[in-house]
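**Q** Return atomic coordinates for the entry below.
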Amino acid sequence: MDIILKTDIAGLGYKNDTVVVKPGYGRNYLIPQGFAMMATDSNKKIVAENIRQAAHKAEKIKTEAQTIADGIGDMTLTIPAKAGDSGKIFGRVTNTQVAEALRAKGFDIDRKKITVEDVKVLGNYEASIDLHKDVKHKVKFEVVSAE
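**A** Numbers count the residues shown, from 1 in each chain. Down below sits the predicted model:
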């Protein structure tokens, strides 16, 4: 089943992308929730016209995302976490903590755009930030003991 996405959906695609999904997923979830619409000829023409009109605006958004990525650069964040004597963390480091560390440095990035691998021990890690369809950035962070 071909559908046109109305919003960015992680793992599926970005706004205005035409993607193929299983019929049940499209009919029972994406379309009723307002995340997508059927990819009919008329809807494709409407989306093409909207994309053409929004091209300038999209370029500005991409430039802003690239500016944020350049600002973050090779920055290394420090995230404190409670840990035992062996260096194992009580709980885990999440994308929310990385977003808060970035906010403390002056970068307001939505936590949903940050992907963190499974962090359960002290050490150095890397998080992925999906700033824009074409702008992705990796930020390094160090998990240190909060004692």
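
**Q** helix/strand/coil for the residue of the chain most remote from its centre?
**A** Taking Cα atoms, centre = their mean as the measure, the residue most remote from the mean C-alpha position of the chain is Asp85, 33.8 Å away. The local conformation at Asp85, judged by DSSP: H, G, I helix; E, B strand; the rest coil, is coil.

**Q** Pull up the gap between it and Gly13, please.
**A** 46 Å (Cβ to Cβ, to the nearest Å). Bear in mind the C-beta positions are built from the backbone N, C-alpha and C, glycine included.

**Q** what does Val47 give?
**A** From Val47 across to Gly13, the span is 13 Å (Cβ to Cβ).

**Q** What of Thr63?
**A** Thr63 is 22 Å from Gly13, by Cβ to Cβ.

**Q** residue ranges for the strands of this protein, please.
**A** 2-5, 18-20, 36-38, 76-81, 88-93, 114-116, 119-121, 123-130, 136-145 (DSSP state E).

**Q** The residue nearest the centre of the chain: what's its closest spatial neighbour, skipping adjacent residues?
**A** In the chain, the centroid-proximal residue (Cα atoms, centre = their mean) is Lys113; its distance is 2.3 Å. Closest residue to Lys113 apart from its sequence neighbours, by Cβ to Cβ, 6 or more residues apart in numbering: Asp130 at 4.8 Å.
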